[in-house]
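Engineer: sequence and computational prediction follow.
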Amino acid sequence: MHLLKARWLYVWLVPTFVLLAVFSYWPPLLSLITAFYHDTGGNGVGSRYFVGLANFRAIFSDPTFYLALEHIAILTFVPLLLSLFVNILIAELLFNMKSHWWAGLYRFLIMVPMVTPAIVGTLIWSFFYSPINGLLNILLGDLGLGRYEHTWLANNHYALPALLFMGIPFLWGLGALIVLAGLQGVPDSVFEAAALDGATSWRRIRRIDLPLVAGQIRLLIILGIIGGLQNFFQPLIMTQGGPNNATMVPGLMMYQWAFESGSGIPQYGLATAMGILLFVGILGLTLGLNRLVRNHGENV
Amino acid sequence: MISSMATAPAPTPRRHARPLRQGFTEGTKHLIVIFVVLVQLMPLGFMVLISFKSSSQFLQNPFGLTWPFQGQNYTAVWPLIARPLFNSVLYGLSTAIGSVMIASVSAFVLARYRFPGRELLYYAIIMLLMIPGIMNLVPAFLIVVRLHLFNTPWAIILPGIAGGQVMAIFLLRTFFGALPEDLFEAARIDGASMFQTYAKIALPLSFPILFTAGLLQFFAAFNDFIWPSVVVTSAHWIPITVAVDQMSGQYGGPIGTEMAAYTLASLPLLVLFAVTSRQFIRGMVSGAIKV
């Protein structure tokens, strides 16, 4: 109907697409080129030569890569399972709470960690684990458990568990609120019918609530996997992947190749190859999972 | 005895049988939630507690309150973080305002006008929501270097706007699309230009959602660490997140001042959240669910 204006309409879209072209469409394309080159110096514009799939082959033949995959699987799925349980528990408790005033206050409080800079929380945990005046060792000493003191993050056996443990209590505020929003979207008549049928709270949660918020739970799983697999924030800040790669994850390998080559040459080719592998892995896993859950849902 | 028993009110018949297991009592529900919330807020609690301690107070009594409070921890650390804190507010505001402004223009056109390629363009935008950000970290850095934006505020602001507008376009297009056509038809009959329809009708109606979208953007930009730490190294332009990280590594000063710096770094967002929690929570939840 307003076809005549069409040319002007495109002009309105120019700012959006200029920015997207430079910072959203160009990067993946540049990845697809850079990943096939070996760097010999300079910021990607320096000398480099074409190596075909050599960067990908190098990653797949690197034992650290498999170690990193194992670590990222642990760091993603263990907290995800625990947080599903805690998020649903908190959502149910808030949903069934008689006092709306308190429920509102708790809703506010569980979001507070999400609005504090992640770097602050991570640095505080670094301090808890620190061998010099770290709170955890002080606490163990005070409790007479001095023999359990460790240099937590510098210890081969304890570094990875320490990174897992800092997720305690495994509550993801937004996740709990997504489930809560799902429960609030269920018509009251459903719960009234359940009450009339004499369903106990536990039965109602298992038979009615959980199936009705299955969509929200699937969303939490997918967001958790996407966020978890590409995460390297805590290892970067707290351990640098160490000691002896005990907390190395794929994202951090990518980061270190590109940005922490020290006096060596930044390996942008290897790093972008790793970025592509992570992208393919994450996308494949989420699409596959989505299909799996959807088919399963239809069959039941 | 017998008569009293006979006249005693018979137990009122229940409409439905009392469930055998009632689940938690109200008190238990509160206890569980309070316990989880306390554990979750414990690191922040220690942060504030220790930020008021001198080093010797910390060594003598790390877990309890110590007198007097060392307010000078804050004044000591303020000069070191004032500039980064200002930078973070600058990055947050410009990213939020820039992305919402650009997104509202595009979302308006994509929602209210029909033209060849409209759907294609729209999908070219929202498919970006599917791309895991990690793949872009290294190539985006190389682009920033090539464009000579490295170590300038633009290296943080421009990519922030580019990425932030995607979610905003997605939310705003749905909103603009749901507005009644009569409003726009009437304006056109009155001879309003396209810009006038956008500025006088679409924008005022969408102010709450624009505010929410900008708010989420501000929080995201303020909290960002990895990208700014890669593209900005000059002490003059680092944001607060990078500043506190550098402080923890090299500063090596008293633990109290370090914690005071963390507290000051967290404070702006906590205050903003306290004031806007309603919009923030609604925006986060609806944004996540719609995707």
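Structural biologist: Perfect, thanks for sending it. Numbers count the residues shown, from 1 in each chain, chains lettered A, B, ... in the order given.
Engineer: can you name the residue of chain A nearest chain B?
Structural biologist: In chain A, the residue found nearest to chain B is A:Ser201; the distance is 2.9 Å by Cβ to the nearest Cβ. The way it works is simple: take the backbone N, C-alpha and C, and place the C-beta from them, glycine included.
Engineer: checking A:Ile72 next. Helix, strand or coil?
Structural biologist: Recorded secondary structure, A:Ile72: helix (DSSP: H, G, I helix; E, B strand; the rest coil).
Engineer: pretty sure the residue of chain A closest to chain B contacts A:Leu93?
Structural biologist: No. If you go by Cβ atoms under 8 Å, A:Ser201 and A:Leu93 don't touch, sitting 10.9 Å apart.
Engineer: quick check: neighbours shared by these two?
Structural biologist: B:Phe24 (Cβ atoms under 8 Å, 6 or more residues apart in numbering or on different chains).
Engineer: the closest residue to B:Pro116 other than its chain neighbours: neighbouring residues, count only.
Structural biologist: Of all residues beyond its chain neighbours, the one nearest B:Pro116 is A:Ala6 (6.7 Å), with distances taken as Cβ to Cβ, 6 or more residues apart in numbering or on different chains. Residues lying near A:Ala6 (other Cβ atoms under 10 Å in any protein chain shown) number 14.
Engineer: what of A:Tyr25?
Structural biologist: A:Tyr25, neighbours per other Cβ under 10 Å, totals 14.
Engineer: near chain A, which residues of the stretch 151-291 of chain B show up?
Structural biologist: Within the stretch 151-291 of chain B, the positions near chain A by Cβ under 8 Å from any Cβ of the partner chain are B:158-159, B:161-163, B:165-166, B:169, B:194, B:219, B:222-223, B:225-226, B:230, B:240-241, B:244-245, B:248, B:255, B:258-259, B:262, B:265-266, B:269-270, B:272-273, B:277, B:280-281, B:284-285, B:288-289.
Engineer: switch the cut-off to 7 Å
Structural biologist: Contact residues, the stretch 151-291 of chain B versus chain A (Cβ under 7 Å from any Cβ of the partner chain): B:158-159, B:161-163, B:165, B:194, B:219, B:223, B:225-226, B:230, B:241, B:244-245, B:248, B:255, B:262, B:265-266, B:269-270, B:273, B:277, B:281, B:284-285, B:288-289.
Engineer: so of those, which ones are in helices?
Structural biologist: In helices, defined here by DSSP state H, the members of those are B:158-159, B:161-163, B:165, B:194, B:219, B:223, B:226, B:230, B:241, B:244-245, B:255, B:262, B:265-266, B:269-270, B:273, B:277, B:281, B:284-285, B:288-289.
Engineer: averaged over its residues, which helix or strand of the chain has the lowest pLDDT?
Structural biologist: All of this is about chain A. helix A:201-204 (a mean of 79; mean pLDDT, DSSP states H and E).
Engineer: the intended chain is chain B.
Structural biologist: Result, chain B / mean pLDDT, DSSP H and E: helix B:2-7, a mean of 42.
Engineer: what ranges of the stretch 151-300 of chain A fall below the confidence cut-off?
Structural biologist: A:293-300 (pLDDT under 70).
Engineer: chain B contacts on that one?
Structural biologist: Neighbours of chain B within the stretch 151-300 of chain A, by Cβ under 7 Å from any Cβ: A:168-169, A:171, A:174, A:177-178, A:181, A:195-196, A:198, A:200-202, A:219, A:226, A:230, A:233, A:237, A:251, A:254, A:258-259, A:268, A:271-272, A:275-276, A:278-279, A:282.
Engineer: for chain A, which segments count as strands?
Structural biologist: In chain A, the segments counted as strands under DSSP state E are A:37-39, A:48-50.
Engineer: does chain B have contacts with the last one?
Structural biologist: No. Contact of strand A:48-50 with chain B (Cβ under 7 Å from any Cβ) is absent, the minimum separation being 11.5 Å.
Engineer: tell me the confidence at B:Gly214?
Structural biologist: B:Gly214 carries a pLDDT value of 92.
Engineer: count of residues packed around it?
Structural biologist: Neighbour count of B:Gly214, defined by other Cβ under 10 Å: 25.
Engineer: which SSE is it in?
Structural biologist: helix B:207-223 (DSSP states H and E).
Engineer: check which helices and strands that helix sits against.
Structural biologist: With contacts taken as 3 or more Cβ pairs under 7 Å, 6 or more residues apart in numbering or on different chains; DSSP states H and E, helix B:207-223 sits against helix B:72-112, helix B:154-178, helix B:255-290.
Engineer: need the winner for burial among those helices.
Structural biologist: Mean neighbours per residue, mean count of other Cβ atoms under 10 Å in any protein chain shown, is largest over the helices and strands packed on helix B:207-223 for helix B:154-178, with a mean of 22.
Engineer: which strands and helices lie in contact with that one?
Structural biologist: helix A:14-20, helix B:72-112, helix B:118-126, helix B:207-223, helix B:226-231.
Engineer: so which of these gets nearest B:Gly177?
Structural biologist: Taking Cβ to Cβ, helix B:72-112 is the member of these nearest to B:Gly177, at 4.2 Å.
Engineer: got any ranges where the stretch 101-250 of chain B has weak pLDDT?
Structural biologist: B:249-250.
Engineer: who's in contact with whichever residue of the stretch 151-291 of chain B sits closest to chain A?
Structural biologist: Closest contact between the stretch 151-291 of chain B and chain A, by Cβ to the nearest Cβ, is at B:Ala162 (3.8 Å). B:Ala162 makes contacts with A:Leu19, A:Leu20, A:Val22, A:Phe23, A:Ser24, as judged by Cβ atoms under 7 Å, 6 or more residues apart in numbering or on different chains.
Engineer: nearest to A:Tyr129 among those residues?
Structural biologist: A:Phe23 (36.4 Å).
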